[in-house]
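K.L.:
Any chance you could fold what I've pasted below:
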Amino acid sequence: MGTWGGTSSDGVTVSAIKNFVIVSSIFKKFECNRRLFLLLKVISLVNEHFRSIFDIKKLGTMKPTFAPTINPKAPGCPESYDPKVNYSSGMDVEQDNMIYKCRNWPEGGYCNAGPNFAPGSKNSNFGWIKVGSCDGTLKPTSSPVHIGLASGGCNFPYRASDLSTYTAGTRVEYNDFIFECKSDIHLSNYCKQSNYAPDGPYWSFGWNKIGWCDGTLKPTAAPTPKPTATPTAKPTAVPTAAPTAKPTATPTAKPSAKPTAAPTAKPTATPTAKPSMKPTAAPTAKPTTPTP
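P.N.:
Just a heads-up that it's a prediction; the model follows:
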């Protein structure tokens, strides 16, 4: 029987076996090389990918940016932001050479909410609109705008215990300033809430700052026309010009300097030291002891 590489009685030749072993070895080497090739190919693709992202050829520092452009027509800067000023909707302020405009109500209430909501802060956009940059100062106004002296003194200080009494138009004093509860029927309700008190960050929701005050209110020009409803604890230092309408409830400590105009209603408990000049109108219950 003809075979590949020779003949044998069992049909299998030694040469065929050797050839199979050689071919298997070559195939295994080829398979390993193929896998290695694929691995290298993957590494190459990954390398190209990262090279395109990071641009490895251009390591080092970046070129400096061009000088910033300045707007030659930038407006002048308004007054700098001051947390002590009472801001209203539409007012402009300056912070770090930027102009900020106070928003309309109700967002405009945050313009007076303190440093946490100041222009340029992380909460700035709650109450402020960034308008743009500014340079220099604005032209001065014809006269300064300020909160002047409120009429009257610093009476009626703000008290949390009086919240229920605060209504539209109510005026209170806090830290030498007069605050008036807003006249709006809805906004005036904020005056009754402690979170919107004049000493807090949200006072402008319900109160208007009228002006600063000094001292106390003047006393009344004349005493009250009517006497007090209850008597005074102590008598007056000077007696009254006319006698009282009714006698006193208790007798005086000493007898009066002059006798009374009419006899007393009842006789005395003990006889007098001397007999009376005239007999009594009626006999006594018991006879008196005759005098010697």
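
K.L.:
CA only for contacts and neighbour counts going forward, please
P.N.:
OK.

K.L.:
Next up, the contacts around the nearest residue to S124 once chain neighbours are set aside.
P.N.:
Leaving aside its chain neighbours, S124 sits nearest to F117 (5.1 Å; criterion: Cα to Cα, 6 or more residues apart in numbering). Residues in contact with F117, defined by Cα atoms under 8 Å, 6 or more residues apart in numbering, are 110-111, 123-124, 126-127.

K.L.:
mind running it again at 7 Å?
P.N.:
110-111, 123-124 (Cα atoms under 7 Å, 6 or more residues apart in numbering).

K.L.:
which pair in these spans the largest distance?
P.N.:
By the measure Cα to Cα, C111 and N123 form the most distant pair in the contacts of F117, at 10.6 Å.

K.L.:
Quick check on those two: which one has the bigger neighbour count.
P.N.:
Counted by other Cα atoms under 10 Å, C111 and N123 do not tie: C111 has more neighbours, with 31 against 14.

K.L.:
Report how many residues lie close to Y202.
P.N.:
20.

K.L.:
just checking, it touches S194?
P.N.:
No. Counting by Cα atoms under 7 Å, Y202 does not reach S194; the two are 10.0 Å apart.

K.L.:
that older thread, please narrow the contacts of F117 to those residing in strands.
P.N.:
Among these, no residue falls in strands (DSSP state E).

K.L.:
For the residues you listed, could you give me JSON lines that also reports pLDDT and distance to I210?
P.N.:
Putting the contacts of F117 into JSON lines (pLDDT from 0 to 100; distance: Cα to Cα, whole Å) gives the following:
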{"residue": "Y110", "pLDDT": "91", "distance to I210": "19"}
{"residue": "C111", "pLDDT": "92", "distance to I210": "18"}
{"residue": "N123", "pLDDT": "93", "distance to I210": "28"}
{"residue": "S124", "pLDDT": "92", "distance to I210": "26"}
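
K.L.:
now the residues you listed in a markdown table, with distance to E48?
P.N.:
Output for those, formatted as a markdown table (distance: Cα to Cα, whole Å):
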| residue | distance to E48 |
| --- | --- |
| Y110 | 54 |
| C111 | 54 |
| N123 | 45 |
| S124 | 46 |
